[in-house]
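>>> I'll drop the sequence and a predicted model, then ask my questions.
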Amino acid sequence: MSLALDVQHLSVRFGERRILSDLTFQVPAGSSLAILGPNGAGKTVLFRALIGSLPSDGSIAWAPDTRIGYVPQKLDIERDMPMTGLDLLRARTTLARHVTPRVEIAQALALVGMARATAEQPIGTLSTGQFQRILVAMALVSAPNVLLLDEPTAGLDEPGQEQLNALVHRLQQEQNLTVLFISHELNVIYQYATNVLCLGRSHVCLGPPTRILTPDVLHEMYGTSTDYHVHGH
Amino acid sequence: MAIESLMLSIAMAIAAGLVGSFAVMRRMTLAADALSHVALPGIGIALALHIHPILGAAATLFFGAFLVWVLDERSHIATETIVGVVFSTALAIGSLMASPEDLIDALFGGAGALSWTESIIGLLAAAAIVAFVLTQKNRLAVALVSKDVARTAGVDVSRLNLLFLFAFALTIALGLRYLGVLLMGALVIIPAATAKRLARNLDSMLRIAVLAAVVATIAGASLAAWLHRETGPLIVTMAAVGYFASLLKRQG
């Protein structure tokens, strides 16, 4: 199976602090990798290193012709400004002009299940769920073959979370995307992830959810004796 | 006001509205205002060396913009603090370098007669700023929301930031003759702040900011001619009237 991403001995440090050290993993094309770990384990740092936003040591090799759609967890600014979802989609589309196949804005909105009238509202007036959909649609208009989602369901209510997870899964199936997502939701990881990369305090593990998500591993990773209810899927 | 002076002030207002829109959305209001102060030592040096004061101002403004960029890129220290300290110091040193009459003109603007060369260079500079903002609008918008998304879209965010700061510095330099070091920052920020309250999308924000800046400039200049007062303070007062009027609109 061809690889979408091959990471060898990746390390990221901020000054003296090592955030990630000697991380090695592969992501097969068309698969879904969940990234799990306690706060401060470097999940977002890993994503930012993967897209080249942070300097890192080691090697990060994306497959040729990789087009990344990135859905950030946090925006750089407050949302209270006169910019609509459509403004953002148009801006992102213009930047992807040279990319083929083209994904039209209408198509991206249909994929995320959003009415055009909603996209025409200022982003400050959208609900968290609606805005997350705009961010996903922004990633989609770049006609990505890899999606990076940083806790896309954070701040959503339960039905909203389920809808968004199902949406990402559907897109992955329909468009044969490779998906990397950061999540704390074990049941979501069980349901959708091909593999899990867990960034623990002292060690890192990689494998299918059924093998990785054991009480022992979770205990080691989070350092608490929380009861995790694991569904048998 | 002579026709070339009027044309140049309108061109300056258009540039100020466009650059200001992104400056306000990027929340660099304070840094922007402080940055404009760095023009003063440049004017002082230029007067001492008998070269055109705007050239001296442009030189120190570009240097100041570059400094803000380096601080933003490299350091983890709060940029706003450094900008406040460094650029207020620049204002103090600049004040010591200029004679009292020159100082008042430099601080608040003083519209002397313009040569054709000055007008043409000014109009070209304004056209360059307008072209930059309009062609880079999409990159600026995406980078504003998320630098990481912009990077995955192939945008060189760091370079874009530097160019934006240079466009900002050039806008300030353009307005020095009319508004001076202390007030030009206000013409960049206030119309854009008015537009932010009234607009519902990006294009209307840019349009309203340009309109507010141009109306304030024309109204201020006309009032100044009529009342025999200084132009700069009246332009800024008109811009502020527009802003306070926009407060009457409920947001939401």
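That came in fine, so what should we check first?

>>> can you list the low-confidence ranges for the chain?
Answering for chain A, as no chain was given. Applying pLDDT under 70 to chain A flags residues A:1, A:99-101, A:201-202, A:224-233.

>>> wait, chain B
Residues of chain B meeting the criterion pLDDT under 70: B:1, B:75-79, B:111-113, B:250-252.

>>> around chain A, which positions in it sit nearby?
Within chain B, the positions adjacent to chain A are B:25-27, B:137-139, B:141-142, B:144-155, B:195-196, B:199-205, B:252 by C-beta under 8 Å from any C-beta of the partner chain. The C-beta positions use only the backbone N, C-alpha and C, and glycine is treated the same way.

>>> restricted to helices, list those residues.
Using DSSP state H, the subset of the residues of chain B next to chain A located in helices is B:25, B:137-139, B:141-142, B:144-145, B:147-152, B:195-196, B:202-205.

>>> among the residues you listed, name the buried ones.
Buried residues within those, counting neighbours by 16 or more other C-beta atoms under 10 Å in any protein chain shown: B:25, B:137-139, B:141-142, B:144-145, B:147-152, B:195-196, B:202, B:205.

>>> for chain A, give me its nearest residue in the stretch 151-252 of chain B.
Chain A sits closest to B:Ala199 of the stretch 151-252 of chain B, with a gap of 3.7 Å, by C-beta to the nearest C-beta.

>>> what is whichever helix or strand B:Ala23 is part of packed up against?
Element membership for B:Ala23 (DSSP states H and E) is helix B:3-25. When contacts are defined as 3 or more C-beta pairs under 8 Å, 6 or more residues apart in numbering or on different chains; DSSP states H and E, helix B:3-25 sits against helix B:116-145, helix B:157-198, helix B:202-227.

>>> now the shortest one, how far from the chain's geometric center?
So that's helix B:202-227. Centroid displacement of helix B:202-227 relative to its chain, using C-alpha atoms, centre = their mean, to the nearest Å, is 14 Å.

>>> who are the packing partners of that helix?
Counting contacts by 3+ C-beta pairs under 8 Å, 6+ apart, helix B:202-227 is packed against helix A:85-95, helix B:3-25, helix B:116-145, helix B:157-198, helix B:231-246.

>>> dump those into a markdown table; add distance to B:Ile54 as well.
Converted to a markdown table, the helices and strands packed on helix B:202-227 look like this (distance: least, C-beta to C-beta, whole Å):
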| stretch | distance to B:Ile54 |
| --- | --- |
| helix A:85-95 | 34 |
| helix B:3-25 | 12 |
| helix B:116-145 | 8 |
| helix B:157-198 | 6 |
| helix B:231-246 | 15 |
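
>>> which stretch among those helices comes nearest B:Val70?
Among the helices and strands packed on helix B:202-227, helix B:157-198 comes nearest to B:Val70, with 9.2 Å by C-beta to C-beta.

>>> got the phi and psi for the spatially most central residue of chain A?
Geometric centre of chain A, nearest residue: A:Leu149, 1.5 Å, by C-alpha atoms, centre = their mean. Main-chain torsions, A:Leu149, degrees, to the nearest 10: phi -120, psi 120.

>>> could you measure from it over to A:Gly40?
Separation of A:Leu149 from A:Gly40 (C-beta to C-beta, to the nearest Å) stands at 20 Å.

>>> and B:Gly185, what does it touch?
Residues in contact with B:Gly185, defined by C-beta atoms under 8 Å, 6 or more residues apart in numbering or on different chains, are B:32-36, B:172.

>>> residues contacting the spatially closest residue to B:Ser146 that is not a sequence neighbour?
Counting by C-beta to C-beta, 6 or more residues apart in numbering or on different chains, the nearest residue to B:Ser146 once its immediate chain neighbours are dropped is A:Pro72, at 4.8 Å. Counting by C-beta under 8 Å, 6+ apart, A:Pro72 makes contact with A:135, A:150, B:146, B:148-149.

>>> repeat that with 7 Å
Taking C-beta atoms under 7 Å, 6 or more residues apart in numbering or on different chains, we find A:Pro72 in contact with A:150, B:146, B:148-149.

>>> circling back to that earlier point, buried residues, the helix or strand that comes right after the helix holding B:Ala23. List them.
The element immediately downstream of helix B:3-25 (helix or strand, assigned by DSSP H and E) is helix B:29-37. Within helix B:29-37, the residues that count as buried by 16+ other C-beta under 10 Å are B:29, B:31-37.

>>> burial measure for residue 140, as a count.
Unless you meant another one, I'm taking chain A. 24 (other C-beta atoms under 10 Å in any protein chain shown).

>>> switch to chain B, that's the one I care about
Neighbours of B:Leu140 using other C-beta under 10 Å come to 23.

>>> I figured it hits B:Phe22, correct?
Yes. Under the criterion of C-beta atoms under 7 Å, B:Leu140 makes contact with B:Phe22 at 5.4 Å.

>>> which neighbours do these two have in common?
B:Phe164.
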